[in-house]
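Trainee: Any chance you can model this:
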Amino acid sequence: MVQPHNLVALITIVALLVYLGTALNVAGVRRRHGVAPPAMTGAPEVERALRVQSNTLGATTSPPGSAWSGSSAACSTGSAT
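Mentor: Just a heads-up that it's a prediction; the model follows:
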């Protein structure tokens, strides 16, 4: 039987990999267009990549946190056995 913490750990790792991918994409687009950090404006491609990264961060931070809370609660009550 798969423990809830194993699934939550997998979800967390996937979320981190997605965010790492968006961060690497931003770095590549910045380098390609010569926009040095911390500038947030420049070529439209840079602004698009930054918006994608920002939206991804907002969308990927709460699900793993909620999942860890839920799996801890389920394990402590014994309902996820």
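Trainee: Tell me which residues of the lowest-mean-pLDDT helix or strand in the chain come out buried.
Mentor: Every helix and strand of the chain was ranked by mean pLDDT, DSSP states H and E. The lowest is helix 44-77, at a mean of 81. Under the neighbour-count criterion of 16 or more other C-beta atoms under 10 Å, helix 44-77 has 46, 49, 50, 53, 56, 60, 64, 67, 68, 71 buried. Placement of C-beta: from N, CA and C, glycine included.
Trainee: for these, which one is nearest residue 5?
Mentor: residue 71 (5.5 Å; C-beta to C-beta).
Trainee: Skipping adjacent residues, who's closest to the closest one in space?
Mentor: If the residues on either side of it in the chain are set aside, residue 71 comes closest to residue 4, at 3.8 Å by C-beta to C-beta, 6 or more residues apart in numbering.
Trainee: Is it correct that that neighbour is in contact with residue 11?
Mentor: No - if you go by C-beta atoms under 8 Å, residue 4 and residue 11 don't touch, sitting 10.5 Å apart.
Trainee: List the buried residues for the strand or helix carrying residue 32?
Mentor: Residue 32 belongs to helix 4-33 when elements are defined using DSSP states H and E. The neighbour-count check on helix 4-33 (16+ other C-beta under 10 Å) flags 4, 8, 11, 12, 15, 19, 22, 26, 29, 30 as buried.
Trainee: Among those residues, show me the least confident.
Mentor: Among those, residue 4 has the lowest pLDDT, at 71.
Trainee: gap between it and residue 66?
Mentor: For residue 4, the distance to residue 66 equals 13 Å [C-beta to C-beta, to the nearest Å].
Trainee: can you check residue 27 too?
Mentor: Plainly put, residue 27 is 29 Å away from residue 66 if you go by C-beta to C-beta.
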